[in-house]
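1. structure, please.
(chains A and B)
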There are 2 protein chains.
Amino acid sequence: MKKFVNDPQQFVPEMLKGIALANPDTLRYVPEYNLIMRSDAPRDDKVSIVQGSGSGHEPAHAMAVGPGMLDAACPGDVFSAPPSDYVYETTKLLRSEMGVLHIINNYTGDRMAFDMGRELAEAEGIQVGTVVVDDDVAVTDSTYTVGRRGVAGNFFVIKALGASSERGAELDDLVALGRRVNDVTRSMGIALTSCTPPAKGSPLFDLGEDEIEVGVGIHGEPGRRREPMKAADELVDEMLEAILGDLPYASGDEVALMVNGLGGTPISELYVLYAHAHEALAERGIDVGRSYVGEYCTSLDMAGASLTLVRLDEELKELLTAPAQIAAHTF
Amino acid sequence: MKKFVNDPQQFVPEMLKGIALANPDTLRYVPEYNLIMRSDAPRDDKVSIVQGSGSGHEPAHAMAVGPGMLDAACPGDVFSAPPSDYVYETTKLLRSEMGVLHIINNYTGDRMAFDMGRELAEAEGIQVGTVVVDDDVAVTDSTYTVGRRGVAGNFFVIKALGASSERGAELDDLVALGRRVNDVTRSMGIALTSCTPPAKGSPLFDLGEDEIEVGVGIHGEPGRRREPMKAADELVDEMLEAILGDLPYASGDEVALMVNGLGGTPISELYVLYAHAHEALAERGIDVGRSYVGEYCTSLDMAGASLTLVRLDEELKELLTAPAQIAAHTF
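-> Here you go, the predicted model:
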């Protein structure tokens, strides 16, 4: 498997250096802790919003730092939680009078690292709030996870909290908002191929020439089942079925709809999926108020896609339209 | 090869429908001519900027329509020029008192279609200007091309013309500006894998397990040579060497630097490439004034990347920072 890599052990630091070099005026890179932070953070008139997780899901989360989004991201190595002392040091560097909010994907390693990092920070008098994201309806208690996994729904938690924190919301209110967003967010993904971690150099799992993994995790974890490949519309129907049955969405609801590429799938295919998802929701009387098509939370070079639905209310819809600026999207 | 496709013949129309459904307030889809246009176009206080080319290069160009960018895109089928009557009908629909500007990638089919479309439109009294993009330094007189090919440098021509046209620039001035941007723009790409057109269902060409195509075209056309796979930094050096030798860039120059993914390469790898490109330019005294990392002009699901350099001056740099809004990037 060919990849643009030098020393695989340096893959994450080199990527982070690239992010910093491409954004010299707005971002700061702290190599000791794999840390990418806004150069104007921390600010005492705003809670600092911090996300950490394994790398390999870019643009989540190292490229989601900027005004209206994260104040900092402290990624671990590829598919590995950040060490707890990185979380601790990041929390200290982002210390604000208003507190620090940790957004954590629900994986055992991430939760342990952030629990320990939080305790160390709290011992120094830093106020820390926590929001756990677990939007993946595919499975519970998967590899690396107790409960459900956190996947692309993360984006909506970050966007809402980023927007609200820019307006001066208090830590407690942000924690409540983050949990509320997570509660109305559901995702489901399908892999057409495995991904290949740089340090491994070979695919994480094998799929047959005409086989797909329905409900795949973003680290290549098994989903619900393997199936033969089908037409795009049928795959959308399978993902929607799983999502719509989980959080009852009613006719008349307004939703945000995301079609997220897993890394190796071109955006042309994502829009083919989007067209059918939008129309299938319309047939059920569910109105798409906000649309997202592209790569938001990937699994290295995996070919595949996920759907995410968020049930909107007026407050949430307004927060999602707030201005934001991140490293990943320049044009 | 698994792809998210229904009927391969409907791949492009379904994608275009998806773009329209995701942007109901700002874009209009005219299925008869594969046309995506701004819903507020044409405007008589602005030249209409139109791009057409084969599909399969998304976000170029169907997802590059919006304020500050294109007024319309009329793509053909995958890797096929749009029919000349689509160009003609698009030009009529985009007719403005100030004229219509065609941006054309330098491929024989695209040039023929646009030449004929322009002549038909001019016969009806529509003022039409033309800018041809040919930024690829890899080869001349390749498959489908007399002269050099137009690749990712297209983005900079669109961005500069989009910005200038919003400010009311005249057609002649825009033609001159577009040619000036093209003249200082150079690109070079490397493929790690082939791409797979939906209607073909199998890779366009074969590359060995450890082999790459240096100077590849965005339709899978041969480049300069095949080589064994190398470290990321060495590949950047090869691409930079080709670009820097072509347009003499001098110490003290300021450039825009784009690392463009070809469709199947994750953004994490693109930032690894970016880090070295930025530093290699700095060593030569060339300063990166604007950075672009992501997918701008792809070749379906091809794994690979291209570098583009644009020599900046104050006017051009200012135009590149102008506000713009396109379908491809929502966050």
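
2. what about stretch A:204-216, near chain B?
-> Yes - Stretch A:204-216 is in contact with chain B by Cβ under 8 Å from any Cβ of the partner chain, via A:210, A:212. The way it works is simple: take the backbone N, C-alpha and C, and place the C-beta from them, glycine included.

3. contacts for that stretch?
-> Taking contacts as Cβ atoms under 8 Å, 6 or more residues apart in numbering or on different chains, the residues outside stretch A:204-216 that touch it are A:136, A:138-139, A:188-197, A:219-220, A:222-230, A:235, A:238, A:242, A:262, A:299, A:302, A:304, B:2.

4. show me which of those residues are buried.
-> Among those, those scoring as buried are A:136, A:138-139, A:188-197, A:219-220, A:222-224, A:227, A:229-230, A:235, A:238, A:242, A:262, A:299, A:302, A:304, B:2 (criterion: 16 or more other Cβ atoms under 10 Å in any protein chain shown).

5. rewinding a little: give me the subset of the contacts of stretch A:204-216 lying in strands.
-> Residues from the contacts of stretch A:204-216 lying in strands, with DSSP state E as the criterion: A:188, A:189, A:190, A:191, A:225, A:226, A:227, A:228, A:304.

6. name the nearest residue to the second one, ignoring sequence neighbours.
-> Setting aside the residues directly before and after it, residue A:189 is nearest to residue A:306 in space (Cβ to Cβ, 6 or more residues apart in numbering or on different chains), at 3.3 Å.

7. enumerate every residue touching that neighbour.
-> By Cβ under 8 Å, 6+ apart, the contact set of residue A:306 is A:151, A:152, A:187, A:188, A:189, A:190, A:239, A:258, A:259, A:260, A:262, A:297.

8. from these, pick the one nearest residue A:14.
-> Using Cβ to Cβ, residue A:297 is the member of these that lies nearest residue A:14, at 21.0 Å.

9. just the strands in chain A please.
-> A:27-30, A:35-38, A:48-52, A:72-73, A:100-105, A:128-133, A:185-191, A:211-214, A:225-228, A:254-261, A:287-294, A:304-311.

10. run through the neighbouring helices and strands of the fifth one.
-> The elements that strand A:100-105 packs onto, with contact taken as 3 or more Cβ pairs under 8 Å, 6 or more residues apart in numbering or on different chains; DSSP states H and E, are strand A:48-52, helix A:84-93, helix A:108-123, strand A:128-133, helix A:154-166, helix A:171-183.

11. now do it against helix A:108-123, angle only.
-> Orientation of strand A:100-105 against helix A:108-123 (axes from the mean of the first three to the mean of the last three Cα atoms, to 10 degrees) gives an angle of 170 degrees.

12. what's strand A:100-105 in contact with?
-> With Cβ under 8 Å, 6+ apart, strand A:100-105 has contacts from A:42, A:47-53, A:70, A:87, A:91, A:94, A:110-111, A:114, A:117-118, A:121, A:126-134, A:149-151, A:154, A:157-158, A:161, A:165, A:171, A:174-175, A:178.

13. can you list the strands that that strand pairs with?
-> Sheet pairing of strand A:100-105 (DSSP bridges) gives strand A:48-52 (parallel), strand A:128-133 (parallel).

14. just the CA atoms of the longest one, as CSV, please.
-> What it means is strand A:128-133. In CSV, the C-alpha atoms belonging to strand A:128-133 read as follows (Å, rounded to 0.1, in the frame of the first residue of the first chain):
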residue,chain,number,x,y,z
VAL,A,128,-13.1,21.4,33.7
GLY,A,129,-16.3,20.3,32.1
THR,A,130,-16.8,17.2,30.0
VAL,A,131,-19.0,16.2,27.1
VAL,A,132,-18.9,12.7,25.7
VAL,A,133,-19.9,12.0,22.1
